[in-house]
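Provided below are the primary sequence and the corresponding predicted coordinates.
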Amino acid sequence: MQIENTTSSLTDGMLEKDTNELVKAFGKTGELQRNVALSIHHRFTMLTEGVNRAEFKTLEDYKAGIENGKVFKAWFDLTGNLAKGVTEYKKTLQKRLQEEAGLTQDNAYKVWQRIQEQAGKVKASKESETDKSCDAVTMKELATKLRRIQKAEAGKEYMPKSLKALEALENAFVCFGSLADVYKD
């Protein structure tokens, strides 16, 4: 028995129409994610005091603001109580994506990640992609030592030799970056 591949103009037309709609929908996905990212910036991003939100009309404006200091804290960097609104929005969005769009939890999370990336959040690099240069490794090790001393000092640990070395370690770290990067808390 031989099966023939038969087509009719009706099925060809339906397939073409459905394919066109699918392609159009996927083509708009990035644009829609950018629009949501911009709206979230407008709603939740904290600007530096004295900066007018009207200056920020596009995602590129917010990305430039992050770089030049006009953005105090982007919405994707908020933590604690400051992040409550973003957290609630994320939950609502992911729930709707699952219930109304039929996405899996993993795919809904991926949409959220893409929105964050559109907004300017830098992807966390994997260990294999991190800088392994001597300078980068030295900076990381110095930061670890400085944090360890800071934690022990806060816990009132007796550590005279470490405290003696602290100033030298801090001076060495300044060659690589700001001490504010080490003492974030």
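Thanks, I have it.

Could you pull up the contacting residues of the closest residue to residue 65 other than its chain neighbours?
Nearest residue to residue 65, sequence neighbours excluded (C-beta to C-beta, 6 or more residues apart in numbering): residue 71, at 3.9 Å. For every residue, glycine as well, the C-beta is placed using N, CA and C. Contact analysis of residue 71 by C-beta atoms under 8 Å, 6 or more residues apart in numbering lists 45, 46, 47, 48, 51, 62, 65.

cool, residue 76 as well?
86, 116, 119, 120, 121.

ok, 7 Å please
The contact partners of residue 76, by C-beta atoms under 7 Å, 6 or more residues apart in numbering, come to 116, 119, 121.

measure it to residue 49 for me?
In this view, residue 76 and residue 49 are 21 Å apart by C-beta to C-beta, to the nearest Å.

remind me which residues of this protein are low pLDDT?
Across the chain, residues meeting the criterion (pLDDT under 70) sit at 1-12, 124-131, 177-185.

those helices in it, which residues are they?
According to DSSP state H, the chain carries its helices in the segments 9-44, 59-68, 84-99, 105-119, 134-154, 160-174, 179-182.

and the gap between residue 133 and residue 175?
Per C-beta to C-beta, residue 133 is found 14 Å from residue 175.

which one is residue 34 nearest to, not counting chain neighbours?
For residue 34, ignoring the flanking residues on the chain, the nearest one in space by C-beta to C-beta, 6+ apart is residue 118 at 4.8 Å.

ok, now residue 56?
Among residues not flanking residue 56 along the chain, residue 62 sits closest, at 5.5 Å (C-beta to C-beta, 6+ apart).

That neighbour - how many residues pack around it?
Applying other C-beta atoms under 10 Å, we find 25 residues neighbouring residue 62.

wait, it sits on residue 44?
No: taking contacts as C-beta atoms under 7 Å, residue 62 lies outside contact range of residue 44: 11.1 Å.

which one of the contacts of residue 76 has the most neighbours?
residue 119 (23 neighbours).

contacting residues around it?
By C-beta under 7 Å, 6+ apart, the neighbours of residue 119 are 37, 40, 41, 59, 62, 74, 76.

Check these and tell me the two furthest apart.
59 and 76 (12.3 Å; C-beta to C-beta).

now the residue nearest to residue 56: how far from residue 162?
Residue 62 is 42 Å from residue 162, where distance means C-beta to C-beta.

what's the closest non-adjacent residue to residue 104?
Nearest-residue entry for residue 104: residue 98, 7.2 Å, with adjacent residues in sequence omitted and distances by C-beta to C-beta, 6+ apart.

Would you mind measuring from that neighbour to residue 112?
Note on residue 98: its distance to residue 112, by C-beta to C-beta, is 12 Å.

and if you look at residue 33?
Distance, residue 33 to residue 112, by C-beta to C-beta: 10 Å.

How about residue 89?
Separation of residue 89 from residue 112 (C-beta to C-beta): 10 Å.
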